[in-house]
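In: what follows is a predicted protein model with its sequence.
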Amino acid sequence: MVDKGIGARVPRKEDLRFITGRGRYTDDINQPGQVYAVFVRSPHAHARIKRIDKGPALAMPGVLAVLDGQDVAADGLGNLICGWLVKSKDGSPMKMGKHPLLAQEKVRYVGDRVAVVVAETREQAKDAAEALVVEYEELPAVVDLAHAHDAPALVHDEIPNNLCYDWELGDKAAVDAAFAKAHHVTKMELVNNRLVPNAMEPRAAIGHYDPGQDAYTLYLTSQNPHVHRLVISAFIGIAPEHKLRVVAPDVGGGFGSKIFIYGEECVVLWASKKVGGRPVKWVAERSESFLTDAHGRDHVTTAELALDKDGNFLALRVNTKANLGGYMSTFSSCIPTYLYATLLAGQYKTPAIYCDVQAYYTNTAPVDAYRGAGRPEASFLLETLVDQAAIEMGMDPAEIRRKNFIPKTAFPYQTPVALVYDTGDYEACLDEALRLVDYAGFPARRAESERRGKLRGIGISCYIEACGIAPSAVVGSLGAGVGLWESAKVRFTHTGKVQVLTGTHTHGQGHETTFSQLVAEKLGVPYEDVEVIHGDTEKTPVGMGTYGSRSLAVGGEAIVKACDKIIAKGKKIAAHLLEASEADIEFKDGKFTVAGTDKSKTIGEVVFAAYVPHNYPPGLEPGMEEGAFFDPPNFTFPAGTYVCEVEVDPQTGEVDIVKFVAVDDFGNVVNPLIVEGQVHGGLVQGIGQALLEGVRYDEGGQLLTGSYMDYCMPRADDVPSFEVHTSRGTACTSNSLGVKGCGEAGAIGAPAAVINAIRNAIGVRVEMPATPERVWRAIQASPLAKAAE
Amino acid sequence: MRVSMTVNGKAVSGEVEPRTLLVEFLRNQLGLTGTHVGCDTSQCGCCVVHVDGVSVKSCTMLAVQADGASVTTIEGLAQGGKLHPLQQAFHEHHGLQCGFCTPGMIMSAADLLQRNPDPTEHEVREWLEGNLCRCTGYHNIVKAILAAAQTMRGMAKAAE
Ligand code: FES
Ligand code: FES
């Protein structure tokens, strides 16, 4: 047994630098000769650029360059792209509007990049940016998603009805037939509120062109530095891939928002060459983050569930309008389609499902993946709909779910919306959650609250998600422009220490610890002897990065495969040293042993022999360094049950979460401490969506929620402590570790639990965010309030 | 203008503009990059340091205002090569993920514990109102602060 191996609650090895203030984030890096970039942004949601006069800005002190869309065009730089081709019902490809690095002809949202000013100091750049003269001709703005189709303006002049695609999934005829014979239909209209990811570290970048090497280096806040390198090379065309190094050092949270290739990071890289190779730094101010980080969610949906008289689900029909914002962000097309509609089966055996999605451009910030990405929208819809159905059918919300669960004997299970779930035991999670929350004791607690003048409610949410993104051939057939495998390299040194190079990126997830545990377990080396290296395209093998809860399920498995190769080679060396046949060598706990004997060599001895091959198997390569790529055969399917109990103050509409239980099936767990932390964080983002957060634009497209004073982030005193349990795991079959992915679950499952609990308390469903005002108004209109009068 | 102050026990001075913020002075002139900037409206608390023993948002104070003061940043919290009990507790209880809010959280909590050595969970949560964390959901931060409070009470007792 190794100390600190798989399953151990090891406190993280990355902590030391952060708790002592020695983390190294992009803005902590300064380079000799560094200059500063400040962006001039559109104050209008939609306007034609009539004229830009650079003169006054160029004349300001310290200014080195002022660059705009015409300079971008003159240098022949490519546009930003969306890397996933979604096709409409009629087979036509999505309509991708041009997305230049700096606006050309038109601006399409408030905050759109119009120009960049580079100056000796940040203050000088700021002052000069103020002096830049830009004349606009304002155009009517398309802001309301629900009416984007018939809006009086076109975000992209060449794209009719602002419609990017009209996509569908599922068997429409089968669904229509099922609805025709349904005993009951539950129908709902709902909004999935738009959110700002709000990683605490704002985006930042330092671009550096080295004229001597004719090579570029980009430091930036990225979840996937190799993907940045690929897009900047292949599509933007700033530098060929082998001449571009991308480094994502410590990154202060991402939640999806740092996956994407934005204009700013590309511009500073390009601008460095324009100013003779001086490093150009840009750090977003928080208000820029609000305006320009890709937002999340933003759906308007109609959903219908058909049931028979016993409460069995017969069919589900969903129509969703999804907001893309002013331009398509890097993965924006797949979020409201393949990461959304494919999850609409949830944990249920609903035999027929049909979903169609219309994605619209509006004059708002681009929308893309945010923690959960599509799956929270699917889960919220389904779990509030199922709850509503239970109410309408007079059934207990737990029982209607139990009745419709895919039974644990039915795996692998083909859903009607393309996915094949490998394993699961939904009832076990539900039972455990109900036990932990004391579901049976709820009526007594409700009565007690009532005596204090409070309305108590309980809400259940049984979520599922598809993680471990993703099997390349599958996503390729659905339109993805890249493969979604992952890579690893495991390198021993002479002295038996191990370096693990991974293509994933850690920005809070604790890979340095988890991967060290993995390697300690597999190779039997001390955990302390393993160092995990990531985030630098010049050090690590090409990898696809971290998102979609993929790092362990895909990246971890690549590490396992590399370890397997190390062991296989080690066996050859050990056999030679022990004068035995390779087939007789067993490897366990860091030792190669001749089976049935006490003759053995430690892995350290074998590694030393590999580097000092004086007595060595003839023909075998020296050295001990192995690489592997892993392309998963399927997604992984974490699932679980969340139960939220709230107390509502009918006088103020304030919602207090008094209890929150999360039971998750993440398969096998490498580090429970880290996994629980991931759930806590996800839950608070989910609760934030349910109760506090929501982006608002006014009719003219001005962002009203552009700072922490107007956008309500969850604070410590808004949320409770949680009961989180991850012991009910069914091992995943798509990787040898049996792991599923835990990063997004909380954000996916929590919103419906909270909203269902409020509905249970006050008798009506409140749209998210369920602010005190909304809840109070709902109470005034609710049958409960009427009954009380 | 010239400012002089004591930072983490060392006398320092430098030339600043009247508009230079304390956080800019610490980060850009002294290279103390452990103090972070997470917002522009004095809401996130990533920038909390101690000025004359009291927690302050260093993005909301001018460098000149700290002239003559004694400033402690996250880099100066560990004493004699030993982690502060709060640093230790954040580590043991997984009170940090990306680490960006962490220096501010720890410095803010340190001020709480000197005012109230035995806070309730509720009091900790209320105190942290000015510190945002997007990663941890606060659960383990609160746990870590309560654990550190206990350790520090034990240390204070032992010292009596
Ligand atoms: S940087 Fe946000 S409060 Fe100081
Ligand atoms: S640990 Fe990332 S913001 Fe708190």
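Out: Okay, I see it. Ligands and ions are numbered 1, 2, ... in the order given.
In: okay, now A:Asp27: neighbour count?
Out: For A:Asp27, the count of nearby residues is 23 (other C-beta atoms under 10 Å in any protein chain shown). Heads up, the C-betas are built off the backbone N, CA and C, glycines and all.
In: backbone phi and psi for it, please?
Out: phi -70, psi -10 (degrees, to the nearest 10).
In: and the longest helix belonging to chain B, anywhere near ligand 2?
Out: Longest helix of chain B, by residue count under DSSP state H: helix B:139-159. No. Helix B:139-159 lies apart from ligand 2 when judged by C-beta under 6 Å from any ligand atom; the minimum separation is 7.6 Å.
In: got the domain boundaries for chain A?
Out: Chain A breaks down into these domains under automatic domain parsing: A:31-139+A:200-253+A:258-292, A:373-467+A:635-788, A:485-630.
In: export those as CSV, with columns for distance to A:Pro351 and mean pLDDT.
Out: Converted to CSV, these look like this (distance: least, C-beta to C-beta, whole Å; pLDDT from 0 to 100):
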stretch, distance to A:Pro351, mean pLDDT
domain A:31-139+A:200-253+A:258-292, 22, 98
domain A:373-467+A:635-788, 6, 96
domain A:485-630, 28, 97
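In: pretty sure A:Asn668 sits against A:Ala731.
Out: Yes. With contact defined as C-beta atoms under 8 Å, A:Asn668 counts as touching A:Ala731 (5.5 Å).
In: so what sits against both of the two?
Out: Residues touching both A:Asn668 and A:Ala731 (C-beta atoms under 8 Å, 6 or more residues apart in numbering or on different chains): A:Gly738.
In: what residues of the longest helix of chain B count as buried?
Out: Of all the residues in helix B:139-159, those buried under the rule 16 or more other C-beta atoms under 10 Å in any protein chain shown are B:139-149, B:151-152.
In: and the helix or strand containing A:Gln358, how far out from the chain's middle?
Out: Per DSSP states H and E: A:Gln358 is located in strand A:352-361. How far strand A:352-361 lies from its chain's middle: 21 Å, per C-alpha atoms, centre = their mean, to the nearest Å.
In: B:His94 - that's part of a strand, no?
Out: No. Assigned with DSSP: H, G, I helix; E, B strand; the rest coil, B:His94 falls outside any strand and is coil.
In: chain B: helices as residue ranges?
Out: Under DSSP H, chain B gives helices at B:22-24, B:85-92, B:102-115, B:121-127, B:139-159.
In: when you scan the first one, is anything in it near chain A?
Out: Yep, that's helix B:22-24 we're talking about. No. Applying C-beta under 8 Å from any C-beta of the partner chain, one finds helix B:22-24 separated from chain A by no less than 9.2 Å.
In: return the list of helices and strands in contact with that helix.
Out: strand B:48-51 (3 or more C-beta pairs under 8 Å, 6 or more residues apart in numbering or on different chains; DSSP states H and E).
In: just checking: what are the partner strands of the strand it packs on?
Out: If you go by DSSP bridges, strand B:48-51 pairs up with strand B:54-57 (antiparallel), strand B:70-72 (antiparallel).
In: wait, which of these is closest to A:Gly256?
Out: strand B:54-57 (28.2 Å; C-beta to C-beta).
In: what about the residue in chain B positioned nearest to chain A, neighbour count?
Out: For chain B and chain A, the shortest gap (C-beta to the nearest C-beta) falls at B:Gly34, measuring 1.9 Å. For B:Gly34, the count of nearby residues is 27 (other C-beta under 10 Å).
In: residues of the stretch 401-550 of chain A that sit close to ligand 2?
Out: A:Gly508.
In: ranges for the strands of the stretch 401-550 of chain A?
Out: A:413-414, A:420-421, A:455-464, A:486-492, A:498-502, A:530-533 (DSSP state E, counting those that start in this stretch).
In: tell me what the host helix or strand of A:Val386 is packed against?
Out: Here A:Val386, judged by DSSP H and E, is contained in helix A:375-393. Using 3+ C-beta pairs under 8 Å, 6+ apart as the contact criterion, the elements in contact with helix A:375-393 are strand A:184-192, strand A:299-307, strand A:313-325, helix A:397-404, strand A:455-464, helix A:745-762.
In: relative to A:Ala352, how far out is the residue nearest the centre of chain B?
Out: Chain B has B:Met107 as the residue nearest its centroid, 2.0 Å off, counting by C-alpha atoms, centre = their mean. From B:Met107 across to A:Ala352, the span is 57 Å (C-beta to C-beta, to the nearest Å).
In: again, but for B:Leu146
Out: 51 Å.
In: just A:Glu427 next, same as before
Out: As for A:Glu427, its distance to A:Ala352 is 23 Å (criterion: C-beta to C-beta).
In: mind checking which of those two has more residues around it?
Out: A side-by-side neighbour count of A:Glu427 and A:Ala352, using other C-beta under 10 Å, places A:Ala352 first with 22 against 17.
In: surely that one is in contact with A:Val175?
Out: Yes. At 4.6 Å, A:Ala352 and A:Val175 qualify as touching, with contact defined as C-beta under 8 Å.
In: can you pull the pLDDT of the residue nearest to the centre of chain B?
Out: Note on B:Met107: pLDDT of 98.
In: which residue is the nearest non-sequential neighbour of it?
Out: Nearest non-adjacent residue to B:Met107, counting by C-beta to C-beta, 6 or more residues apart in numbering or on different chains: B:Val48, 4.4 Å away.
In: any idea of the pLDDT on residue 29?
Out: This is for chain A. 98.
In: actually chain B
Out: 96.
In: still on that earlier bit, which residues do A:Ala352 and A:Val175 both contact?
Out: A:Ala315, A:Leu316.
In: dihedrals phi and psi, A:Tyr711?
Out: phi -100, psi 120.
In: go on, A:Gly543?
Out: Dihedral angles (degrees, to the nearest 10) for A:Gly543: phi -140, psi 170.
In: state the mean pLDDT of the longest helix of chain B.
Out: Mean pLDDT, computed over helix B:139-159, is 96.
In: tell me how far that helix lies from the chain's centre.
Out: Worked out by C-alpha atoms, centre = their mean, helix B:139-159 lies 16 Å from the chain centre.
In: for stretch A:264-273, same thing?
Out: Computed by C-alpha atoms, centre = their mean, the chain-centroid distance of stretch A:264-273 equals 26 Å.
In: what do you get for stretch A:404-414?
Out: On the basis of C-alpha atoms, centre = their mean, stretch A:404-414 sits 27 Å off its chain's mean C-alpha point.
In: quick check: buried residues in it?
Out: A:Asn404, A:Phe405, A:Ile406, A:Phe411, A:Tyr413.
In: how's chain B carved up into domains?
Out: Using automatic domain parsing, the domains assigned to chain B come out as B:2-76, B:85-159.
In: which residues touch the closest residue to chain B within the stretch 51-200 of chain A?
Out: Nearest residue of the stretch 51-200 of chain A to chain B, counting by C-beta to the nearest C-beta: A:Met200, 4.3 Å away. By C-beta under 8 Å, 6+ apart, the residues touching A:Met200 are A:252-253, B:36, B:38, B:44, B:46, B:98, B:100-101, B:132-135.
In: ok, of those residues, which one's closest to ligand 1?
Out: B:Cys44 (3.5 Å; C-beta to the nearest ligand atom).
In: shouldn't that closest one be in contact with B:Asn131?
Out: Yes. With contact defined as C-beta under 8 Å, B:Cys44 and B:Asn131 form a contacting pair (7.2 Å).
In: shared neighbours, those two?
Out: B:Cys101, B:Gly104.
In: need the nearest residue in space to A:Asp422, chain neighbours excluded.
Out: Leaving aside its sequence neighbours, A:Asp422 sits nearest to A:Thr733 (C-beta to C-beta, 6+ apart; 4.5 Å).
In: and the longest helix along chain A, what does it pack against?
Out: Longest helix in chain A by number of residues (criterion: DSSP H): helix A:557-578. If contacts are counted by 3+ C-beta pairs under 8 Å, 6+ apart, helix A:557-578 sits against strand A:486-492, strand A:498-502, helix A:511-523, strand A:585-588, strand A:591-594, strand A:600-602, helix A:603-611, strand A:625-630.
In: nothing else from me, thank you.
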